[in-house]
Structures are given as C-alpha cells and as structure tokens.
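Asks: Structure, please.
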Amino acid sequence: MSLPAVLVAALLVIGLAPISPALAQPVPGGARGPAEVGVVELELSTVPFSVTLPGRAVAAAQTDIRPRVGGMVKEIVYRPGQRVKAGDVLYRLEPDTFEAAYAAAQAELAGAKAGVSTAQATVDRYARLEGTGVTTSDLQTAQSALAQAEAALASAEAAVQTARLDLDRVEIRSPIDGFADVSTVSVGAIVTANQTDALTTVTAMDPINVDVSESSARILRVRSQIDSGALQRGERLEAVLTLENGETYASPGTLVTPGQQVSTTTGSVDLRFEFGNPNRMILPGQFLRVAVVVGQQKAVLVPQRGTERQADGTLTAFILRDGKAHQVTLTYSGTHENAWITTEGVAAGDLLIVDGLNNLTDGAEVVPVPVTINAQGVVEDVTDDAADEVDTTDEADTADEAGATEATGTED
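Replies: The predicted model follows:
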C-alpha cells in the first residue's frame with residue numbers, strides 16, 4: 001500500500017472512532033458573572049439655591065454731547081474709545097465772537113460802576129445840604145437816580161457773567177466719566193446751541209448694570225420655601241454672570257434696584273444688578289445669563305453622568321441595593337456644577353451607579369467598584385481598596401470556573 005493510502009486509512013479510522021463525552025462537553029467559561037459597575041456614595045450637601053435669568057447689559061450712565069453755544073469747531077481734543085473724566089475738554093469752538101462779547105460786557109460793567117459812584121456822591125452831597133439850598137424833592141430825585149444806577153450795575157454784572165459762561169462753553173466738556181464715541185462732526189463744522197444732533201456720546205461702563213426680569217409666581221414660591229425653612233436666605237442677593245461665549249464672569253454682581261411692581265403684560269418683576277467692568281468685557285446692549293443666588297439649601301447632589309432622561313421626560317438613575325441595580329425616578333429643583341439638586345428618589349448614603357450603565361437593567365446583579373467623579377463629570381481615580389476588591393472578585397470567579405470544569409470532568 002502506498003504512503004498516501006496509509007494516511008487516508010488512518011484518518012478514516014480516527015474519524016470513525018467514538019468521541020469521549022468528556023471531550024465533547026464544551027468547556028465552561030463563556031458565561032460571565034455579575035458586571036462590574038462604578039459607584040459613588042451620595043451625601044447630603046449644602047448648596048446654593050439659584051435661578052438663571054436672561055438679562056441685558058445697560059450702561060450705568062450715558063450722555064449725548066451737544067454744544068450750548070453756536071460756532072465753528074476749531075479742535076477735536078479727545079480720541080475716540082479712550083477714557084475721559086468729568087470736566088475733560090472734548091471740543092473747542094472758535095472763541096473770537098465770545099471773547100469780544102465778554103470784553104463789551106466788562107466795559108458796560110465798568111460804566112455801570114462809574115454811574116453808581118456818581119449817583120452815590122450826589123445823594124451824599126444832597127443829604128448834607130438838605131434844607132440849605134437843596135430841597136427834599138431834590139434829595140429824593142438823587143436817591144432815585146442812585147437806585148437806577150445800581151440796577152444798571154447789577155444788569156451789567158449779569159451780562160458779564162453770561163458772556164463769561166458763553167466763553168467758557170466754547171470748550172465743550174464731558175459731564176461724566178466714561179468712554180467717548182466717534183465724533184459725528186469734524187473740524188470746521190458749524191454747530192448751533194442745543195442742536196438736536198449730538199456731537200458724540202460718552203458712556204460710563206464701570207460699573208455696568210444688567211437688567212433681568214423674574215416671574216412674580218416664582219418669587220412667591222421662593223418666599224414660601226424661605227418661610228417653611230427649606231431654604232435659608234442669604235444676607236443679600238448675588239448674581240453670577242455668564243458671558244455670550246459661555247464663560248463665567250469673574251466679578252459677582254449685587255442687587256441695586258429691586259422691582260417694586262409687576263408688569264401687567266408679562267407678569268414679571270424687573271431687577272437691576274451691578275457688576276464691576278474695569279476691562280470692558282461687558283458692553284451695553286449685550287444679552288447675558290444671570291444666575292441669581294437666593295440662598296442655601298440642603299440637598300442630595302446626583303452627578304448628571306449617572307442619570308438618564310427617559311422618553312416621557314422623567315429623570316432616572318440606578319442605585320445599588322443588595323447587590324442589584326435598582327432604577328429610581330428623580331425629582332430635582334435645579335443643578336449645581338455637574339450634578340442635579342434632587343429632592344426625591346434618592347437619599348444620603350445610597351450608592352449611585354455612574355459607570356457601566358450600558359445595557360444595565362433594573363434588578364441586574366452587579367459588582368460595585370468605588371470611583372470618583374471630577375469637576376468635568378469624568379469618572380477617575382479608582383481607589384486601591386476597590387482595585388483589591390476587583391482582583392479578589394476576579395480570582396474567585398476564576399476559581400469557581402476551574403472547580404466547575406474539574407467537576408464536569410470527574411462526572412464524565
């Protein structure tokens with residue numbers, strides 16, 4: 001028999017030989033034990049109670065700059081966008097006409113003073129000579145002339161003061177501290193007193209105000225919580241601002257104007273908060289979000305990572321009880337950092353499952369592994385004790401599998 005024929009015969013014999021039941025039994029090990037899940041212990045915490053409201057930035061002060069005298073613009077002193085102080089010169093008009101008017105008023109004043117001196121001398125002389133060549137009627141006439149001269153002097157003094165004011169107003173000054181806008185006129189332009197069009201605008205932006213509107217119904221609910229003791233009221237209302245780019249503004253705000261009445265159209269109360277704005281990060285007209293801190297409350301914080309929003313809108317989470325995962329429905333009153341402020345559904349001391357939630361079902365057996373969650377909501381830092389627990393569990397599972405295999409082999 002040739003060599004290939006011998007190999008074929010041997011293979012046929014092997015193929016027809018009976019297979020031992022022990023060898024035919026699949027080796028266990030494909031079946032897995034309880035899944036490992038990361039858990040954190042919930043604690044009762046004191047957290048700020050805040051409400052987030054839309055707001056709009058409003059300048060603390062804003063004024064249009066208009067000339068109070070007419071003339072031609074001789075000089076634009078300021079530079080747009082730079083800070084100016086109250087009293088700083090922004091524009092200068094040609095002063096020639098006003099200087100001449102001021103000089104004429106001073107001349108009138110000098111003449112009026114001379115007239116008073118002459119009239120006073122006449123009255124004094126007539127008073128000495130009354131009854132000896134000067135009648136009482138003459139003295140009264142002289143006294144009347146003195147009164148007219150004094151009136152003329154007062155009018156001349158007022159004219160000088162007016163001319164002085166007009167001459168001073170040739171220099172147009174800023175009435176407030178702030179930042180001046182681009183000029184609407186150029187050198188050589190003719191302006192008139194108290195004209196409608198402003199030459200520029202000065203805006204005060206440090207501090208800056210943010211106006212918000214709050215529902216009167218929610219204000220009543222908050223007051224009820226304070227009265228019941230569920231909420232501890234703070235010493236004052238503080239506001240935390242969120243900028244348009246999502247960043248939190250560093251400087252907190254304070255309430256400066258509480259609302260005194262409810263709008264008949266919106267049912268809301270207007271509030272104004274003040275924020276420091278030295279770097280002009282906030283500009284008038286910006287729309288912002290304001291988190292108003294009303295007070296503090298005690299609540300259980302549930303990390304948002306360990307929760308899930310159901311189709312009907314309810315918020316659920318899994319907690320560990322008796323080695324099994326139990327799904328619970330949460331009631332919350334807001335958020336704090338990366339956690340829900342819960343009022344019902346969980347309690348302090350419960351073990352919340354935050355990792356290994358994929359395909360997790362209610363009542364499933366699980367093995368807990370303690371974990372922590374950082375400020376960004378990421379699970380990290382498995383403790384050494386937890387790692388030892390995982391290793392012990394793995395070794396126990398391996399030993400159980402080996403024992404099961406050995407028992408199967410003996411039985412066969």
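Asks: Could you list the low-pLDDT ranges of the protein?
Replies: 1-32, 234, 375-377, 380-412 (pLDDT under 70).
Asks: What is the three-state secondary structure of the residue nearest the centre of it?
Replies: Nearest to the geometric centre of the chain sits residue 241, at 1.2 Å (Cα atoms, centre = their mean). Using DSSP: H, G, I helix; E, B strand; the rest coil, the structure places residue 241 in strand.
Asks: For it, list each beta-bridge partner.
Replies: Beta bridges link residue 241 to residue 290 when assigned by DSSP bridges.
Asks: can I assume it is in contact with residue 289?
Replies: Yes. The pair residue 241 / residue 289 is scored as a contact, 7.4 Å apart, by Cβ atoms under 8 Å. Yep, even glycine has a C-beta here, placed from its N, CA and C like the rest.
Asks: shared neighbours, these two?
Replies: Overlap of the contact sets of residue 241 and residue 289 (by Cβ atoms under 8 Å, 6 or more residues apart in numbering) consists of residue 55.
Asks: and residue 186, that's in a strand?
Replies: No. Using three-state DSSP, the assignment for residue 186 is coil, not a strand.
Asks: Angles on the backbone of it, please.
Replies: Main-chain torsions, residue 186, degrees, to the nearest 10: phi -120, psi 170.
Asks: could you measure it against residue 77, distance?
Replies: With the distance defined as Cβ to Cβ, to the nearest Å, residue 186 ends up 13 Å from residue 77.
Asks: the more surrounded of these two?
Replies: Using other Cβ atoms under 10 Å as the criterion, residue 186 and residue 77 rank with residue 77 on top: 15 against 8.
Asks: For that one, list the residues it contacts.
Replies: Per Cβ under 8 Å, 6+ apart, neighbours of residue 77: 88-92.
Asks: surely residue 190 meets residue 71?
Replies: Yes. Residue 190 lies in contact with residue 71 (Cβ under 8 Å); the separation is 7.4 Å.
Asks: who's more crowded, those two?
Replies: Taking neighbours as other Cβ under 10 Å, residue 190 and residue 71 compare with residue 71 leading, 21 against 12.
Asks: All the strands of the stretch 301-412 of the chain, residue numbers only.
Replies: 307-309, 315-321, 324-336, 339-344, 351-355, 366-370, 372-373, 379-380 (DSSP state E, counting those that start in this stretch).
Asks: what's the answer for the stretch 1-150 of the chain, then?
Replies: Counting by DSSP E, counting those that start in this stretch, the strands of the stretch 1-150 of the chain are 35-41, 44-65, 71-76, 83-84, 89-93.
Asks: Switch those strands over to JSON lines; also include distance to residue 356.
Replies: Compiled in JSON lines, the strands of the stretch 1-150 of the chain are given as follows (distance: least, Cβ to Cβ, whole Å):
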{"stretch": "strand 35-41", "distance to residue 356": "4"}
{"stretch": "strand 44-65", "distance to residue 356": "25"}
{"stretch": "strand 71-76", "distance to residue 356": "70"}
{"stretch": "strand 83-84", "distance to residue 356": "58"}
{"stretch": "strand 89-93", "distance to residue 356": "68"}
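Asks: For residue 179, which of those strands is the nearest?
Replies: strand 83-84 (5.7 Å; Cβ to Cβ).
Asks: Check which helices and strands the closest one sits against.
Replies: strand 178-180 (3 or more Cβ pairs under 8 Å, 6 or more residues apart in numbering; DSSP states H and E).
Asks: Enumerate every residue touching residue 281.
Replies: With Cβ under 8 Å, 6+ apart, residue 281 has these contacts: 243, 249.
Asks: how close does it get to residue 251?
Replies: In terms of Cβ to Cβ, residue 281 sits 9 Å off from residue 251.
Asks: same check, this time on residue 66
Replies: 34 Å.
Asks: Same check on residue 43?
Replies: For residue 43, the distance to residue 251 - Cβ to Cβ - is 31 Å.
Asks: Looking at the two, which one has more neighbours?
Replies: Each of residue 43 and residue 251 has its neighbours counted (other Cβ under 10 Å); residue 251 has more, 15 against 10.
Asks: In contact with the residue nearest to the centre of the chain, which residues are there?
Replies: 55, 210, 248-249, 251-253, 275, 282, 288-291.
Asks: which residues in the protein form helices?
Replies: According to DSSP state H, the chain carries its helices in the segments 3-16, 21-24, 96-129, 136-168, 216-228, 384-411.
Asks: quick one on the thing from earlier: kindly give a single PyMOL line that selects the buried subset of the contacts of residue 77.
Replies: The following PyMOL line selects those of the contacts of residue 77 that are buried, judged by 16 or more other Cβ atoms under 10 Å:
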select buried, resi 88+90+91+92
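Asks: okay if I get the contacts of residue 241 as JSON lines plus distance to residue 173?
Replies: Compiled in JSON lines, the contacts of residue 241 are given as follows (distance: Cβ to Cβ, whole Å):
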{"residue": "55", "distance to residue 173": "33"}
{"residue": "210", "distance to residue 173": "29"}
{"residue": "248", "distance to residue 173": "39"}
{"residue": "249", "distance to residue 173": "33"}
{"residue": "251", "distance to residue 173": "30"}
{"residue": "252", "distance to residue 173": "35"}
{"residue": "253", "distance to residue 173": "31"}
{"residue": "275", "distance to residue 173": "28"}
{"residue": "282", "distance to residue 173": "27"}
{"residue": "288", "distance to residue 173": "33"}
{"residue": "289", "distance to residue 173": "38"}
{"residue": "290", "distance to residue 173": "35"}
{"residue": "291", "distance to residue 173": "40"}
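Asks: All set now, cheers.
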